[in-house]
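Q: coords please:
(one chain, ligands or ions: 2)
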Amino acid sequence: MSFLEIANISKTFGNVTAVSDVSLEIARGEFVTFLGPSGSGKSTTLYMIAGFFEPTRGDVRLEGRSILSEPSNKRNIGMVFQRYTLFPHLSVAENVAFPLRVRRRPAAEIAGKVEEMLALVRLESFAGRMPAQLSGGQQQRVALARALAYNPPLLLMDEPLSALDKKLREEIQDEIRRIHRQTGVTILYVTHDQEEALSLSDRIALFNHGKIEQLGKGRELYEAPRTRFVADFIGHSN
Ligand code: ADP
Ligand code: MG
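A: Numbers count the residues shown, from 1 in each chain. Ligands and ions are numbered 1, 2, ... in the order given. Sure thing, here's the model as predicted:
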């Protein structure tokens, strides 16, 4: 049994096929990236796992159980999406505490967890700040702390760094890599940036027109591209 099993999922919007018969198995603790050009179906696939979209066909199993009938907030999946932003009226600490409050955890546990999570993303001294007082990179780190606060076994990230400049992107990439190592959380990551994918991932699923064109270690895609599309996309640098 794999940790996460995506079995023949498809999604159509009217007459647009966004995702077409995608299958993928992910092991516990793996870091897998969906890479591909804009419109290739990466986010739609992630949103079906998250529970924002219902697949037209197919199944998603997490630790052996089908999760499609479970509402998004019951799936125990952490999410960091570019548009799934911090609550602007809550402090940094309150943002991180939010998923624990929803789960009615005791106050002492919440306080301890907030401290632990802010240390994990190295923002201990920012607990009392409001989101508007933080830089974009700091906001993404708080979002990461919030997503991991209740120890979800799976973390989904959709282009979390695309709004940031290059230096900041590299800094937060290091952070993500360290957090993956430290927590052992399984990560599914979406980007259109092949350098980011190559530097972060255990495996890459390269999307094209709603399908996975090639799946493997970055090195395999780079050295043994199975199609012209893979060679062009992985080799191309921006
Ligand atoms: P990516 O994340 O790889 O850029 P998406 O998964 O967002 O691609 O989109 C895949 C295709 O599905 C695109 O053609 C897009 O226009 C279409 N699509 C995505 N979401 C919707 C939606 N809510 N309604 C209609 N079409 C959509
Ligand atoms: Mg997208």
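
Q: run a quick neighbour tally on residue 112.
A: Residue 112 has 12 neighbours, counted by other C-beta atoms under 10 Å. For the C-beta atoms, the positions are set from N, CA and C on the backbone; glycine is no exception.

Q: distance of it from residue 118?
A: 11 Å (C-beta to C-beta, to the nearest Å).

Q: shared neighbours, these two?
A: Taking C-beta atoms under 8 Å, 6 or more residues apart in numbering as the contact rule, residue 112 and residue 118 touch no residue in common.

Q: how far does stretch 48-61 stretch from start to finish?
A: End-to-end distance of stretch 48-61 (C-alpha to C-alpha, to the nearest Å): 11 Å.

Q: in it, what counts as buried?
A: Using 16 or more other C-beta atoms under 10 Å as the test for burial, stretch 48-61 gives 48, 49, 50, 51, 53, 55, 58, 60, 61.

Q: quick check: mean pLDDT of that stretch?
A: For stretch 48-61, mean pLDDT is 96.

Q: toward the C-terminus, what is the element adjacent to whichever helix in the chain runs longest?
A: Ranked by residue count under DSSP state H, the longest helix found in the chain is helix 166-183. As assigned by DSSP states H and E, the chain's next helix or strand after helix 166-183 is strand 186-191.

Q: what sits up against the longest helix of the chain?
A: Applying C-beta under 8 Å, 6+ apart, the set of residues contacting helix 166-183 is 31, 120-122, 135-137, 140-141, 144, 148, 151, 157, 160-161, 164, 185, 187, 189, 196, 199-200.

Q: among those, which ones are buried?
A: Buried members of the contacts of helix 166-183, counted by 16+ other C-beta under 10 Å: 31, 120-121, 137, 140-141, 144, 148, 157, 160-161, 164, 185, 187, 189, 196, 200.

Q: now the helices for this protein?
A: 42-50, 92-102, 107-120, 136-148, 166-183, 194-200, 218-223, 228-235.

Q: save those helices as CSV, and put in distance to residue 128 too.
A: Listed next are the helices of the chain as CSV, based on distance: least, C-beta to C-beta, whole Å:
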stretch, distance to residue 128
helix 42-50, 30
helix 92-102, 7
helix 107-120, 11
helix 136-148, 12
helix 166-183, 21
helix 194-200, 31
helix 218-223, 40
helix 228-235, 44
